[in-house]
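Chemist: attaching a predicted model along with its sequence, questions to come.
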Protein chains: 2
Amino acid sequence: MPKEDTLEKEPKERILEAGALLFATKGYAAVGVREIAELAGVNVAMISYYFSGKAGILKEIILRYFDEVKGIYDKVLAQNIEPEIALKTIVKELVNLMKKKTIFCKVAITEMPFNLPEFMEFKAEVARRHIDYIKQGLQLIKLFVDDNRYNSIITPAAISLIFSHFLFGPFIQKVWNVELDENYYNLYSETISTLLLEGLTGLIKKLNNKGETK
Amino acid sequence: MPKEDTLEKEPKERILEAGALLFATKGYAAVGVREIAELAGVNVAMISYYFSGKAGILKEIILRYFDEVKGIYDKVLAQNIEPEIALKTIVKELVNLMKKKTIFCKVAITEMPFNLPEFMEFKAEVARRHIDYIKQGLQLIKLFVDDNRYNSIITPAAISLIFSHFLFGPFIQKVWNVELDENYYNLYSETISTLLLEGLTGLIKKLNNKGETK
DNA sequence: TTATTAATCAAACGATTGTTTAATTTTTGA
DNA sequence: TCAAAAATTAAACAATCGTTTGATTAATAA
């Protein structure tokens, strides 16, 4: 019987999913390897066997997430479409990604135990990559402000804006009691796109006016 | 000799500050009580003595932060000033608060170990309070969209936007190499205000147009 | 079929977790 | 000055931490 026929996924994948779920809800440091193993239905030793330790699970999650993000940027920016539509498309694709793999994305974005020395350079590399995508994107869609200080403000602002719904997590449901169906996420990506687009164009207009009157 | 004369602060306050610093850099779950005690220069038992446990430190931090935020909202909204200026003022005051008490704010905003049962209701209460302020604020400054679904998108978006700089933490310095002086934070609150204001007015305008043409 | 490799397991490793205890010192107020 | 209260301490608590070991089972290939 080939493994593809079994309903259950491979142990390695089950560990990864269990880890993601637990990291997302309790935070990386608060989760024990035994808890992960139990949820994944495997022996504790399997974690070290497949991921060479607890930290390996998180690394894998982050790497996979950034691969997906890179795919989105590459795809949209290769089309060379109108700035506004490109931005909207990127936001929509990112939201789709998060909707489809909420837990993985949440962990990859929020869980970064930078205190662990081994994670320091790993995180720096991965963060720079992500930010480079954003920079490329904003440049291509002509919403790029060529100023290091502004970029250090705008880029985190844009990321936070796009991911705000997922940063708040289960709160959203609990506080506003909205139904998180497909319509909702369409409305979400529409609204966030508008906020970001109007905000950025407004900011750039203001900066240009300032430059003229000076 | 009265205690006010001693240069060192009270042990309780030292514990609180050490806890905040460590929570901010390593995350709540990753910090041990012995590490906090050592940094604070007190015995481990003092933590349970003053805060009845590690969680008590975090609770105190969060409570103090929300008191400050409440103070800002109450002060600004009582003035009954122009919507745009009110928004700008609130953003500026919030940024000032974060600049002045960066570590406390970061911990209060990001560290919420909701998995701990004892924190569940505490967090719910505190979150609702914060969101109520924002709602009041947006209503008063006429940038409020009276739709539950939109609110569940806009409110987290606004909060994420305002706090984006601190959500990214030490990254900002490392990636963009900017100097985080007073000028920088002025530029930050100016830029975030503009993004938020232009984004919200743009969104509302779009919503009104949609309503007309329908 | 058999030798080899991969996968899985229970058990134990030492280290560290948050909290409590009981004794001791310091401060306070009468 | 002296008893009561508050503050602080070292030590020990049981529980859990992530990882490793060595044996056992399953899969693979010759």
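Modeler: Sure thing, it's come through. Every value quoted in this text rests on a predicted model; they were computed, and no experiment measured them. Numbering: from 1, shown residues only, chains lettered A, B, ... in the order given.

Chemist: and A:Arg34, what is it in contact with?
Modeler: Neighbouring residues of A:Arg34 by C-beta atoms under 8 Å, 6 or more residues apart in numbering or on different chains: A:Val44. C-beta here means a position set from N, CA and C on the backbone, and glycine is covered the same way.

Chemist: that one: which element?
Modeler: helix A:33-40 (DSSP states H and E).

Chemist: buried ones in that helix?
Modeler: Residues of helix A:33-40 classed as buried by neighbour count (16 or more other C-beta atoms under 10 Å in any protein chain shown): A:33, A:36-37, A:39-40.

Chemist: can you put those in JSON lines and add distance to A:Lys205?
Modeler: Shown next, in JSON lines, are the buried residues of helix A:33-40 (distance: C-beta to C-beta, whole Å):
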{"residue": "A:Val33", "distance to A:Lys205": "53"}
{"residue": "A:Ile36", "distance to A:Lys205": "50"}
{"residue": "A:Ala37", "distance to A:Lys205": "55"}
{"residue": "A:Leu39", "distance to A:Lys205": "51"}
{"residue": "A:Ala40", "distance to A:Lys205": "52"}
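
Chemist: could you check the pLDDT of A:Lys54?
Modeler: Per-residue confidence (pLDDT) for A:Lys54: 96.

Chemist: over to A:Lys100?
Modeler: Predicted confidence (pLDDT) at A:Lys100: the value is 91.

Chemist: host element of A:Arg64?
Modeler: Using DSSP H and E, A:Arg64 maps to helix A:54-78.

Chemist: buried set for that helix?
Modeler: In helix A:54-78, the ones that count as buried by 16+ other C-beta under 10 Å are A:54, A:56-62, A:64-66, A:68-69, A:72-73, A:76-77.

Chemist: repeat that for stretch A:180-192.
Modeler: A:184-185, A:187-192.

Chemist: sort out which one of the residues you listed lies nearest A:Lys92 for me.
Modeler: A:Lys92 has its nearest neighbour among these in A:Ser189, at 4.5 Å by C-beta to C-beta.

Chemist: in space, what's closest to the closest one - neighbours in sequence excluded?
Modeler: Nearest non-adjacent residue to A:Ser189, counting by C-beta to C-beta, 6 or more residues apart in numbering or on different chains: A:Val95, 4.0 Å away.

Chemist: would you confirm that that neighbour contacts A:Tyr184?
Modeler: No - using C-beta atoms under 8 Å, A:Val95 is not in contact with A:Tyr184, being 10.5 Å away.

Chemist: residues in contact with stretch A:158-172?
Modeler: Counting by C-beta under 8 Å, 6+ apart, A:24, A:91, A:94-95, A:98, A:102, A:105-106, A:109-110, A:130, A:134, A:138, A:178, A:180, A:188, A:192, A:195-196, A:200, B:114, B:127, B:152-153, B:156-157, B:159-161, B:163-164, B:167-168 sit against stretch A:158-172.
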